[in-house]
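S.K.: Sequence unavailable; structure follows:
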Ligand code: F6P
């Protein structure tokens, strides 16, 4: 059996753990296994940059962050556009797959990666996709790997801010990654005990944020902590069309939404407001035990699918069990936070503000 493997898009903590799960799950059941690793995601598959991996490559990597194969962003939109030398990328990927005589290609990545995985499936390749992203925004799986490790890092940042916040009469903002969705901010915000949580799915108003800060001040609290998603958006901006918003953003002078909010809070309250952006630390470090277990299960389930000759699926986690979900049903769909979900209601009931 000959399989190919690649990791694409932004990295996360448990990519290596997932690859280890796949390879150990196969090696234990197949005598003639060959695994080809493509470097830097689809780039390696397009340009034929790969290496035959050995079992030593998969030893000692369960706890190792990053990806032993490297990664890169290859926008799905550009996959059908020839490169600067006129190379047809899709044909090149198919040719390299065929040249190596692969039985299957295991692709680890987020939403964009998944769209290209589905495109390759449509082109006739045997594909298995594993849902990776700290954003947890892949439709069809309850959870993506990297998410819980990133929650850990973002929560730690909020925890650290908490101890310094108690010494100062200030407002603090911790800006959390998550692209266009609020899962990471919601979970880290709750775990870190943030007073205000702003996520893209619940547009905020400045007045409500200021009300929440004032309410805390009246209750004798000398600080307020906001967990703000990098994609948080005001009610006003959310009402604009995509085109109008793009035009407005082009004139924006603040580096991120958090700095804009910090200015607004200082101007309105006269109180200092500090911004902390943990940024890419949220994708770094060792995976937490939850992600190691998740990836071991997803990886081994992917091996199970390959052994049974089942291709064209994402290996998902649904209600605590691994499940093969057809790529054609999920590619291109985004999983967002439901503002009316029980979790949001439970948090609101405690007086935590979403700025709405
Ligand atoms: O998708 C993962 C993610 O970390 C997002 O949360 C974030 O918006 C983005 O990637 C950052 O991308 P880059 O690593 O290309 O700066």
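M.R.: Alright, I've got the coordinates. Source: prediction; values computed, not measured.
S.K.: Roughly how far does residue 77 sit from residue 116?
M.R.: When distance is defined by Cβ to Cβ, to the nearest Å, residue 77 is 10 Å away from residue 116. (Glycine included, C-beta is placed from N, CA and C.)
S.K.: Those two: who's more crowded?
M.R.: residue 116 (26 against 9; other Cβ atoms under 10 Å).
S.K.: Can you show me the helices along this protein?
M.R.: Taking DSSP state H to define them, one finds helices in the chain at 15-27, 42-47, 89-100, 111-122, 147-165, 183-191, 206-218, 235-238, 242-250, 257-269, 289-307, 327-330, 342-349.
S.K.: Export those to TSV and append columns for distance to residue 199.
M.R.: Formatted as TSV, the helices of the chain follow (distance: least, Cβ to Cβ, whole Å):
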stretch	distance to residue 199
helix 15-27	26
helix 42-47	30
helix 89-100	35
helix 111-122	18
helix 147-165	13
helix 183-191	5
helix 206-218	13
helix 235-238	12
helix 242-250	17
helix 257-269	11
helix 289-307	22
helix 327-330	22
helix 342-349	9
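S.K.: Minimum distance to the ligand: which of those helices has it?
M.R.: helix 183-191 (7.0 Å; Cβ to the nearest ligand atom).
S.K.: could you give the angle of the closest one to helix 147-165?
M.R.: 50 degrees (axes from the mean of the first three to the mean of the last three Cα atoms, to 10 degrees).
S.K.: What number of residues are in the vicinity of residue 86?
M.R.: Counted with other Cβ under 10 Å, residue 86 comes out at 6.
S.K.: now do residue 88
M.R.: Neighbours of residue 88 (other Cβ under 10 Å): 15.
S.K.: What of residue 84?
M.R.: 5.
S.K.: what does residue 295 give?
M.R.: 27.
S.K.: Quick check: it vs residue 143, distance?
M.R.: Taken as Cβ to Cβ, the span from residue 295 to residue 143 is 11 Å.
S.K.: now do residue 117
M.R.: On the measure of Cβ to Cβ, residue 117 and residue 143 end up 19 Å apart.
S.K.: Residue 329 now?
M.R.: 18 Å.
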